[in-house]
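> Build me a structure from this.
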Amino acid sequence: MIICPVCDHVQSEGEECDGCGKRFPGLVSTEAPVVVQLAELELTHHAGGRAEVESAPIADLDLTRLRSGPDLPAMSVPDLELTSSGATGAVSVDPMADLDTGRAPDDGVRTVAPVGAVTCRYCRHVQAEGLLCDGCGMRLPRVRVAAPVAAKGRAREGERVPCSSCHTPSYPGRACVACGTKVEVEA
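Numbering: from 1, shown residues only. The predicted structure is shown next:
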């Protein structure tokens, strides 16, 4: 029996879950299915496409179009109340005594971001790459590694530098292609 890791659906066979559609890893066959051609199957193609078919109109069928949209007259709804409610007056608003609106003090401890192989918190499957778990399909906690920041200094000839207003890479001495600000090299 196969149990889907996403929705816990139990089924006897198949390459994907009948309940949620999750493909089961390791069960997918790479062989092409064998197709047996039927002996009585006619192999000629239909030529012509749209052929004229004679049909008689139904005697009881009304061929007029029903009116709809702007050509219908306005209708009044008798049960609809068009008046608004009156003023509510002075309603006392009492503050909640046990509501804490503050934050806990910062203790300085930070959670280390996972790098490398990640263990799925739902099915405990260990996976080295990818954003979705191969075992259960849930999103894995991944970190984006920031690009190294170049040291400030003179830009070399033909090198692009970030715009001071929008940070789009642009050539020094020219207008930024995103915001139009003249890009200067920081000294």
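
> right, and residue 138 touches residue 120 too?
Yes - with contact defined as Cβ atoms under 8 Å, residue 138 and residue 120 form a contacting pair (6.3 Å). Glycine gets a C-beta too; all of them are placed from N, C-alpha and C.

> These two: which is more packed in?
Legend: neighbour count by other Cβ atoms under 10 Å for residue 138 and residue 120, higher for residue 120 (20 against 14).

> Report how many residues lie close to residue 176.
19.

> Please apply the same query to the one 4 residues further on.
By the other Cβ under 10 Å criterion, the neighbourhood of residue 180 contains 10 residues.

> tell me the phi and psi of it?
Note on residue 180: its backbone torsions stand at phi 90, psi 0 [degrees, to the nearest 10].

> Next: residue 133.
The phi/psi pair for residue 133 (degrees, to the nearest 10) reads phi -70, psi 130.

> tell me the contacts of it?
Residue 133 sits next to 120, 122, 123, 125, 127, 139, 140 when contact means Cβ atoms under 8 Å, 6 or more residues apart in numbering.

> ok, and the closest non-adjacent residue to it?
residue 120 (4.2 Å; Cβ to Cβ, 6 or more residues apart in numbering).

> Report pLDDT for the one you found.
Looking at residue 120, its pLDDT stands at 89.
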